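In: need coordinates for the below:
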Amino acid sequence: MSTASIANNAYQMAARLQQHARAIEDKAAQPEAGGLDFGKMVQEAVGTVVDKGQVADTKAVGLVEGKADVVDVVTAIAETEVALETMVAVRDRVISAYEEIMRMPI
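Out: Residues are numbered from 1 along each chain as shown. Predicted coordinates:
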């Protein structure tokens, strides 16, 4: 995989997050309608990061055994890094929003 495919994966993940955010906004506008759960969305995002990490680990073991290509291993690690950085950025934004809410006067 190339840098373009890594960027493409990051854009796809961002698009999925936007779709989830729109679904949450729609649910807030229509409380009686069934929608996505924020906890479920976070759980799926964490699961994606974990899955990418496991793929990278599997490819690294394959490299040590001589069954994988170095380029594939580096690409898998880079994809995992992008997914993890995205998750950390989302976490930081959630914490920032929580702190902002806590500073609001009652």
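In: how far does the helix or strand hosting residue 71 sit from the chain's center?
Out: Assessed by DSSP states H and E, residue 71 sits inside helix 70-103. Put simply, helix 70-103 sits 7 Å off its chain's centre (CA atoms, centre = their mean, to the nearest Å).
In: and that helix, what other elements does it pack with?
Out: Here helix 70-103 touches helix 3-29, helix 38-65, going by 3 or more CB pairs under 8 Å, 6 or more residues apart in numbering; DSSP states H and E. (Each C-beta comes from the backbone N, C-alpha and C, glycine too.)
In: let me know which of the ones you listed is tucked in deepest.
Out: helix 38-65 (a mean of 14; mean count of other CB atoms under 10 Å).
In: the helix holding residue 71 vs helix 38-65, what angle?
Out: Between the axes of helix 70-103 and helix 38-65, defined by axes from the mean of the first three to the mean of the last three CA atoms, to 10 degrees, the angle is 150 degrees.
In: find the least confident helix or strand in the chain, judged by mean pLDDT.
Out: None of the helices or strands of the chain scores lower by mean pLDDT, DSSP states H and E than helix 3-29, at a mean of 70.
In: what about residue 80, neighbour count?
Out: Using other CB atoms under 10 Å, residue 80 is surrounded by 20 other residues.
In: which residues does it contact?
Out: Residue 80 is in contact with 49, 52, 53, 55, 56, counting by CB atoms under 8 Å, 6 or more residues apart in numbering.
In: what's the pLDDT at the fourth one?
Out: Read it as residue 55. pLDDT for residue 55: 90.
In: shift numbering so it begins at 304
Out: Understood, numbering begins at 304; the last thing we discussed is residue 358.
In: confirm for me that it is in contact with residue 378.
Out: No. Taking contacts as CB atoms under 8 Å, residue 358 lies outside contact range of residue 378: 10.1 Å.
In: that older thread, which of the contacts of residue 383 lies closest to residue 395?
Out: residue 352 (14.8 Å; CB to CB).
In: contacting residues for the closest one?
Out: Contacts for residue 352 were tallied using CB under 8 Å, 6+ apart; they are 383, 386, 387, 390.
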